[in-house]
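J.: No letters, just coordinates:
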């Protein structure tokens, strides 16, 4: 098998789809996490919960780490250049392209993965290669007038609960693996999303009717190419899929002892 990023034939490493540091933080010194499947029958179980598989050579693993993961995984953990208000969290000195491509790298690996946890993500070979090219070149430019973020808008929301009393430590300790939502029509596009450390990451795939709309249209919480960003706080009850997942986790926690 060749490396999915550079195409070389070097020995492949076991690549983390979601960066290892996130799982390390969730485990907080423990060896395992509790895995809950959002269905009516599967019993919660303790497991390593650190999904990885052979995708990249050692050089490309290091490339992604040095150019994207070191910044991406540190951004929301640092207290430097951060201002917290009732409605949003403000980050200063934001590196847009670096963070955008960090999130793209996670989605790209999820699409490549054969693991069950990421089966909902399927970008097809042609688009996977476009993303790989952007990652290798450290650029979101597709041509002189088109950029990747004209077609994939990424939003980041901080999930909170001031209404039903879910503790913020609980919210930050839950990892929701990738889900997908298809619009009713092709014009609605589709969304992939996952949640980690209390932040809901959403990728909206949509082709606009003209280049002006592609450049100017915005979605809630969308990352913008600015040195200062404001991540909105959104109530858990206003996010149906996330709220339903938390409800299932709570119900299964009440009926099973681990």
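T.: Yes, it's here. Note that the coordinates shown come from a computational prediction; the quantities given were computed from them, not determined experimentally.

J.: would you list every one of the helices in the stretch 151-258 of the chain?
T.: Under the criterion DSSP state H, counting those that start in this stretch, helices of the stretch 151-258 of the chain are mapped to 168-172, 211-216, 240-255.

J.: Can you say which of these is nearest to residue 33?
T.: helix 240-255 (12.1 Å; C-beta to C-beta). For glycine as for every other residue, the C-beta is placed from the backbone atoms N, C-alpha and C.

J.: Show me what the closest one is packed against.
T.: strand 176-182 (3 or more C-beta pairs under 8 Å, 6 or more residues apart in numbering; DSSP states H and E).

J.: who does the strand it packs on touch, helix- and strand-wise?
T.: strand 190-196, helix 240-255.

J.: what inclination does it have with respect to strand 190-196?
T.: Per axes from the mean of the first three to the mean of the last three C-alpha atoms, to 10 degrees, the angle that strand 176-182 makes with strand 190-196 is 160 degrees.

J.: And the contacts of strand 176-182?
T.: 110, 117-118, 120-121, 188, 190-196, 241-242, 245 (C-beta atoms under 8 Å, 6 or more residues apart in numbering).

J.: what's the pLDDT at the nearest residue to residue 142 once chain neighbours are set aside?
T.: Using C-beta to C-beta, 6 or more residues apart in numbering and skipping residues adjacent in sequence, the residue nearest residue 142 is residue 148, 6.0 Å away. Here, the pLDDT recorded for residue 148 equals 95.

J.: Which residues are in contact with residue 190?
T.: 180-183, 204-206.

J.: and the gap between it and residue 70?
T.: 30 Å (C-beta to C-beta, to the nearest Å).

J.: May I ask you to confirm that residue 204 is in contact with residue 191?
T.: Yes - assessed by C-beta atoms under 8 Å, residue 204 is found in contact with residue 191 at 5.3 Å.

J.: what distance separates stretch 35-45 from the middle of the whole chain?
T.: 22 Å (C-alpha atoms, centre = their mean, to the nearest Å).

J.: Could you list the buried residues of it?
T.: For stretch 35-45, the neighbour count (16 or more other C-beta atoms under 10 Å) marks 35-36, 38, 44 as buried.

J.: before we move on, what about stretch 106-120?
T.: 106-113, 117-118, 120.

J.: Centre of the chain to it, how far?
T.: Taking C-alpha atoms, centre = their mean, one finds the center of stretch 106-120 at 11 Å from the center of the full chain.

J.: I'd assumed residue 133 was in contact with the residue nearest to residue 142.
T.: No - using C-beta under 8 Å, residue 148 is not in contact with residue 133; the gap is 9.8 Å.

J.: More neighbours: the two, which one.
T.: Neighbours were counted for residue 148 and for residue 133 using other C-beta atoms under 10 Å; residue 148 has more, 19 against 13.

J.: list the contacts for the more buried one?
T.: 100, 104, 130-131, 134, 140-142.

J.: The same query, at a cut-off of 10 Å, please.
T.: Counting by C-beta atoms under 10 Å, 6 or more residues apart in numbering, residue 148 touches 97, 100-101, 104, 130-131, 133-134, 139-142, 154.
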